[in-house]
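In: Give me the fold of what follows.
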Amino acid sequence: MKNLKLYIPVFAFLLLAVFMWRGLYMDSRTLPSTLIDRELPEFELRTLGEGDQLVSNTDLPDEPFILNIWGSYCLPCLQENPIFMSAREQGLVPIVGVNYKDRDNLARDWLDINGNPFTMNIVDDSGRYGIDLGVYGAPETFIVDADGVIRYKHIGTINYQAWEDEIMPVVRELQSAHAASASASSGQSS
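Out: Residues are numbered from 1 along each chain as shown. The predicted structure follows:
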């Protein structure tokens, strides 16, 4: 029994070493989200545009869309903005911005200088909605289906490769499912 007590620190060290070794091979961009396959959290927040009108979940697109967490202070957001601008110009997918813990005047200036890819820009100056979404910081991107259910989460900057390999395949799949559903329901109503 006395000898067993001597091995407890060794076992504890080995257990800790295994967890740390496993952590070395995890991809930090694929942190699990408890919101995958759940509806977007409810919100009622103001928009960044003129008039600062209040919007809620009912004002979101009724088709698959991207929800992007961004801020004027966020350098990676500046890197992904041309990708989003191109997507908007091509009409690929609606992109809703959540201006996260930012100042309105700085955010508006940033959009004026760099371009505004967002169909709607929600202001989360307190960060409360970000907490509801499980956001770690800007940028983070969610893909939401036509029913308002989160289907994918990307943490960090979206570069061209991530856009083509990760984001757009999910968007296209959701758009196809939405088109098939809309076609089926219009066929039933005829």
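
In: can you give me the strands for the chain?
Out: Taking DSSP state E as the test, the strands found in the chain are 44-46, 54-56, 65-70, 95-100, 120-124, 140-144, 150-155.

In: Name the strands paired with the third one and say parallel or antiparallel.
Out: Strand pairing for strand 65-70, determined by DSSP bridges: strand 95-100 (parallel), strand 140-144 (antiparallel).

In: Now Cys77. Nearest residue, chain neighbours left out?
Out: Distances taken as Cβ to Cβ, 6 or more residues apart in numbering place Trp70 nearest to Cys77, at 4.3 Å, with adjacent residues excluded. No exception for glycine: its C-beta is placed from N, CA and C like everyone else's.

In: scratch that, Phe65
Out: Closest residue to Phe65 apart from its sequence neighbours, by Cβ to Cβ, 6+ apart: Pro94 at 4.2 Å.

In: Can you give me the neighbour number for the one you found?
Out: Pro94 has 20 neighbours, counted by other Cβ atoms under 10 Å.

In: again, but for the one 10 residues further on
Out: Asp104: 14 surrounding residues under other Cβ under 10 Å.

In: how about it, what does it touch?
Out: 48, 123, 125 (Cβ atoms under 8 Å, 6 or more residues apart in numbering).

In: To Ala182, which of the strands paired with strand 65-70 lies closest?
Out: The closest of those to Ala182 is strand 140-144. By Cβ to Cβ, the value is 16.6 Å.

In: What are the boundaries of the helices in the protein?
Out: Taking DSSP state H, the helices of the chain run over residues 2-24, 75-90, 104-114, 128-133, 160-162, 168-189.

In: Indicate which one of these is closest to Ile143.
Out: Ranking those by proximity to Ile143 (Cβ to Cβ) places helix 168-189 first, at 5.0 Å.
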